[in-house]
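**Q** Below: sequence and its predicted model.
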Amino acid sequence: MLSVNNISRSFSGKKVLDGVSFQVRPGRMTGFLGANGSGKTTTMRIILGVLEPSSGTVEWNGAPVTGDGRQKFGYMPEERGLYPKMAVGEQVEFLGRLHGMERAAARRATDELLEQLELTDRRGDALESLSLGNQQRVQIAAALVHSPDVLILDEPFSGLDPIAVETVLEVLRKRAASGVPVLFSSHQLSLVERLCDDVVIIAKGGITAQGERDELRRRHGTTRFEITVDGDAGFLRDVPGVRVSELDGPSAVFEVEGGDEQPVLRAALERGPVRAFGPVVPTLDEIFKEVV
Ligand SMILES: Nc1ncnc2c1ncn2[C@@H]1O[C@H](COP(=O)(O)OP(=O)(O)OP(=O)(O)O)[C@@H](O)[C@H]1O
């Protein structure tokens, strides 16, 4: 497990991270969400050791991360740092070699990744001749070539079309499934909602929510309920203690005074069949707006 423990960081006296703590668990995709300037890139740079924290530590499996340990991290930085004129395959292979791989192993890993990312036919082309979306796929290959123990990806899905998102996602999921913790930042909430197992939300340099995606959604959504009946759900307005916030023919969203929704269900059943009844589970988008 990767643990970020109480990290703070200032630039020219201005605190941009203040006591940031969270975990990235093995085998899970963790979405790192935050508005522009909230501190995502700074946190990722500190995890990678590109930047020193003012205080706090980063630990991998309970021990402080050292330079050697970071050799086994895979990083896709926000500023995409590859060589524009170098051929795609040569470049990925070279980065594998820089991480200490033997030539043959680096070549094999490169071939496999280019195949998975549907770039095999671009192997010999200069990076700059590829579309931006394809260059992005090469960045993913560069971060993965040395079979990292941990993956830290800054906005890996930005600029990808929906099909490319699926291709990249499949590659990342495979790595996660093999036990690698994957941390990726994103602004695209609906995408993160679909892709991640765990979520960490940062606002103004502090963590405001974190946990398993579905658990987080349940935790933030217990005060509202939705119901669908046969006919018109308008009768709910006359049920004592009920405040209807949305009404659309047979469906309604409501809150109950005191929070016990079961009497409302009984009242509805007395009138006729109830087709659906349950708590409203908020989207990540709604949670994000609530906690930032
Ligand atoms: N090298 C630096 N010198 C001074 N200030 C910096 C430096 N790096 C980051 N900052 C400031 O730290 C804050 C957090 O920036 P950071 O890049 O971590 O945010 P972010 O969440 O990644 O944003 P974005 O989504 O826009 O990439 C910002 O106010 C930024 O201006």
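**A** Cool, got the structure.
**Q** So which residue is smack in the middle of the protein?
**A** residue 31 (1.6 Å; CA atoms, centre = their mean).
**Q** from what I can see that one touches residue 194, true?
**A** No: with contact defined as CB atoms under 8 Å, residue 31 does not reach residue 194; the gap is 9.8 Å. In this view, the C-beta of every residue, glycine as well, is placed from N, C-alpha and C.
**Q** which residues do the two both contact?
**A** Taking CB atoms under 8 Å, 6 or more residues apart in numbering as the criterion, residue 31 and residue 194 do not both touch any residue.
**Q** Quick one: mean pLDDT over the top helix by length along the chain.
**A** Assignment by DSSP state H gives helix 162-177 as the longest helix of the chain. Average pLDDT, helix 162-177: 91.
**Q** The lowest-mean-pLDDT helix or strand in the chain - contacts with which helices or strands?
**A** When the helices and strands of the chain are scored by mean pLDDT, DSSP states H and E, helix 284-291 comes last with a mean of 75. Judged by 3 or more CB pairs under 8 Å, 6 or more residues apart in numbering; DSSP states H and E, helix 284-291 is in contact with helix 189-195, strand 198-203, strand 206-212, helix 213-219.
**Q** just the ones you listed: most buried one?
**A** strand 198-203 (a mean of 24; mean count of other CB atoms under 10 Å).
**Q** And for residue 131, the neighbour number?
**A** 12 (other CB atoms under 10 Å).
**Q** Next, work out how far apart it and the ligand are.
**A** Remark: distance between residue 131 and the ligand (CB to the nearest ligand atom, to the nearest Å) = 22 Å.
**Q** Need the pLDDT of that residue.
**A** pLDDT, read off for residue 131, is 90.
**Q** With residue 222 instead?
**A** Looking at residue 222, the pLDDT reads 66.
**Q** Can we start the residue count at 31 from this point?
**A** That works, and once the first residue is 31, the last one we named lands at residue 252.
**Q** and the least confident helix or strand of the chain, does that touch the ligand?
**A** No: figure legend: helix 314-321 not in contact with the ligand (CB under 6 Å from any ligand atom); closest approach 13.1 Å.
**Q** and that helix with strand 236-242, angle?
**A** Per axes from the mean of the first three to the mean of the last three CA atoms, to 10 degrees, the angle that helix 314-321 makes with strand 236-242 is 140 degrees.
**Q** Show me what counts as buried in helix 314-321.
**A** Buried residues in helix 314-321, counted by 16 or more other CB atoms under 10 Å: 314, 317-318, 321.
**Q** Beyond the longest helix of the chain, next helix or strand please.
**A** strand 212-216 (DSSP states H and E).
**Q** quick one, that following strand and helix 192-207 angle?
**A** 150 degrees.
**Q** Packing partners of strand 212-216?
**A** Under the contact rule (3+ CB pairs under 8 Å, 6+ apart), strand 212-216 is packed against strand 59-64, helix 70-78, strand 180-183, helix 192-207.
**Q** Let me know which of those is tucked in deepest.
**A** Mean neighbour counts for those (mean count of other CB under 10 Å) peak at strand 59-64, with a mean of 26.
**Q** Not counting it itself, show me its contacts.
**A** Counting by CB under 8 Å, 6+ apart, 54, 70, 73-74, 202-203, 206, 211-217, 219, 222, 225-233, 243, 314, 318, 322 sit against strand 59-64.
**Q** what are the C-alpha coordinates of it, in PDB please?
**A** Provided in PDB are the C-alpha atoms of strand 59-64 (Å, rounded to 0.1, in the frame of the first residue of the first chain):
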ATOM      1  CA  MET A  59      -7.900   2.300  -9.200                       C
ATOM      2  CA  THR A  60      -7.900   5.500  -7.000                       C
ATOM      3  CA  GLY A  61      -9.300   8.700  -8.600                       C
ATOM      4  CA  PHE A  62      -7.700  11.900  -7.300                       C
ATOM      5  CA  LEU A  63     -10.100  14.700  -7.800                       C
ATOM      6  CA  GLY A  64      -9.800  18.400  -7.300                       C
END
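**Q** That one near the ligand at all?
**A** Yes: residues of strand 59-64 contacting the ligand under CB under 6 Å from any ligand atom: residue 64.
**Q** For the stretch 81-230 of the chain, list the residues in contact with the ligand, please.
**A** residue 108.
**Q** Could you find the closest non-adjacent residue to whichever residue of the stretch 81-230 of the chain sits closest to the ligand?
**A** In the stretch 81-230 of the chain, the residue that lies nearest the ligand is residue 108 (5.9 Å; CB to the nearest ligand atom). Closest residue to residue 108 in three dimensions, ignoring its sequence neighbours and counting by CB to CB, 6 or more residues apart in numbering: residue 184, at 4.2 Å.
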